[in-house]
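Enquirer: Give me a model of this one.
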Amino acid sequence: MKRAAILTVGKTHSGKTTFAKALEKRLANSVVIDQDNHGEFLHTNYAKLLPAEGPNTIKYALTKTIVDYAINETACHLILCNSNRNQQDRLTLLRYLRDCGFETILVYFDIPDTILAERVASSQRTTAILRTASSFGEVLNRQRKEAAACPTADEADHFLRICGEQEMENIIEEILNIATN
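Expert: Sure thing, here's the model as predicted:
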């Protein structure tokens with residue numbers, strides 16, 4: 001059976017989690033692996049273990065453990081719902097997934113910053129996942145300033161771009177066709 005690994009890429013509040021959950025409902029035998037859940041779990045249960053600064057290595061280790069388990073112990077399609085904005089880390093992950101036999105699909109949420117700012121301003125989302133910022137507005141401002149390379153079509157087997165909410169359903173249909181044909 002061909003397995004798909006779908007990676008979401010985008011800034012905070014771009015719709016990655018909403019999309020991943022909608023896709024999981026439609027794509028049989030799939031699982032969402034959402035790094036925000038891991039961050040919240042660690043913050044709630046293991047705050048003393050979180051690094052005071054620098055990369056959140058414990059969160060990344062937890063995510064890697066869950067991904068490896070899903071790869072080796074299940075037959076699930078993977079929906080990796082993270083920001084995946086660091087190009088080198090993203091390419092390493094995509095290469096690993098291909099080496100494990102997955103067909104890779106990269107979904108880039110290319111949402112204008114003005115829309116993201118509106119979403120952040122009206123968000124009711126918990127900030128418990130945040131470690132180095134006090135608000136999602138701060139996260140968005142930081143992401144605007146970062147020199148993160150936009151993903152390109154040559155990074156994955158399939159490259160799909162979402163520029164607005166109205167495109168999500170079409171992209172889900174496209175992924176269903178890729179994963180089931």
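
Enquirer: all contacts plus neighbour counts: C-alpha atoms, from now on.
Expert: Will do.

Enquirer: helices or strands up against the lengthiest helix in the chain?
Expert: When the chain is parsed with DSSP state H, its longest helix is helix 57-73. Here helix 57-73 touches strand 30-34, helix 35-45, going by 3 or more CA pairs under 8 Å, 6 or more residues apart in numbering; DSSP states H and E.

Enquirer: which of the residues in it are buried?
Expert: With burial defined by 16 or more other CA atoms under 10 Å, the residues of helix 57-73 counted as buried are 58, 59, 63, 67, 70, 71.

Enquirer: One more: stretch 162-177?
Expert: By neighbour count on 16+ other CA under 10 Å, the buried set for stretch 162-177 is 162, 168, 171, 172, 175, 176.

Enquirer: returning to what we had before: comparing the helices and strands packed on helix 57-73, which comes out most buried?
Expert: Highest mean neighbour count of these: strand 30-34, a mean of 20 (counted as mean count of other CA atoms under 10 Å).

Enquirer: Provide the backbone phi and psi angles at the residue in the chain sticking out farthest from the centre.
Expert: The outermost residue of the chain relative to its centre, with distances by CA atoms, centre = their mean, is residue 48 at 25.4 Å. Backbone torsions of residue 48, given as degrees, to the nearest 10, read phi -70, psi -20.

Enquirer: Only alpha carbons, please: show stretch 154-161 as CSV.
Expert: What follows is stretch 154-161, C-alpha atoms only, in CSV (Å, rounded to 0.1, in the frame of the first residue of the first chain):
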residue,chain,number,x,y,z
ASP,A,154,11.0,20.6,-6.1
GLU,A,155,11.1,19.8,-2.4
ALA,A,156,8.4,17.1,-2.3
ASP,A,157,6.8,14.7,-4.7
HIS,A,158,3.7,17.0,-4.8
PHE,A,159,3.5,20.7,-4.0
LEU,A,160,0.2,22.4,-3.3
ARG,A,161,-0.4,26.0,-2.4
